[in-house]
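S.K.: Fold the stuff below for me.
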Amino acid sequence: MTARHTRIDTALGELTVVAAGDAITGIFFPGHRYPPDPGSTGTPVAPDDDPLFVAAAVQLTENLAGTRTTFDLAIRTAGDPFSERVWAMLREIPYGRTTTYGQLADRLGRRTPAQAVGRAVGHNPISIVIPCHRVVGHDGRLTGYAGGQDRKRRLLDLEQPVPAEAGRLF
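M.R.: I've put the predicted structure just below:
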C-alpha cells in the first residue's frame, strides 16, 4: 500500500494527515513530539483530491468546532502488541471523560507500569481520532501530549461541560 499525506488547516494548527490505502494511518501536529519517520508519509496530495482526506478534514473541523463527538473514519495502526492494546483502550474513552495512565495500566495487569502506558499513549499515531488527550495524570493534572499541553487543554476544554456525574471512565 502506497502512503500519501496532506496538510489540513484546523483550529489547532496545520495537521499532517497520512493515509495508506483506504485508512488514515497518522495525524500529526506541527512540532509533534514523535513525528512520523522521514519518508514514511508518502507522496503529498491536495486535501480536496482524495475522498479520505476530504472526510478527515470535514470530521476534524466539525470536532474542533464542537459539533462532532465521534469519528467515522477508517483508521489503521501498526504498533507493537502492547501499544495496540493501549490504543484500543483509548478508543473506548467516551467524549467528555478522562482516565489516568495508572487506571489504564491497572486494566492491563498488575505488573504494567503507568510509565509504559504513557510511552504508548505518547506514540499514538492518530491524534484526536484516537483520543489520547483524554488521559491525565493520577491527580487530574495535564501531563505530556505529543501536540503540546496547550493543545491538550484546548481539546479537553472543547469536550466540556459534561454532567458532573459523568466522572471518570475507569
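S.K.: give the contact list for Leu15.
M.R.: 7-8, 27-29, 60, 127 (Cβ atoms under 8 Å, 6 or more residues apart in numbering). Backbone N, C-alpha and C define where each C-beta goes, glycine included.
S.K.: actually Pro113, sorry about that
M.R.: With Cβ under 8 Å, 6+ apart, Pro113 has these contacts: Ala105.
S.K.: mind checking the longest helix of this protein?
M.R.: helix 51-64 (DSSP state H).
S.K.: Show me which positions of it end up buried.
M.R.: Across helix 51-64, burial judged by 16 or more other Cβ atoms under 10 Å covers 52-53, 56-57, 59-60, 63-64.
S.K.: how far is stretch 36-44 from where the chain is centred?
M.R.: Once both centres are worked out by Cα atoms, centre = their mean, to the nearest Å, stretch 36-44 turns out to sit 19 Å from its chain's centre.
S.K.: Likewise for stretch 19-35?
M.R.: The answer for stretch 19-35 is 10 Å, by Cα atoms, centre = their mean.
S.K.: related to what we said a few turns ago, now render the contacts of Leu15 as CSV, adding distance to Gly109.
M.R.: Listed next are the contacts of Leu15 as CSV, based on distance: Cβ to Cβ, whole Å:
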residue, distance to Gly109
Arg7, 40
Ile8, 38
Ile27, 29
Phe28, 30
Phe29, 31
Leu60, 34
Ser127, 26
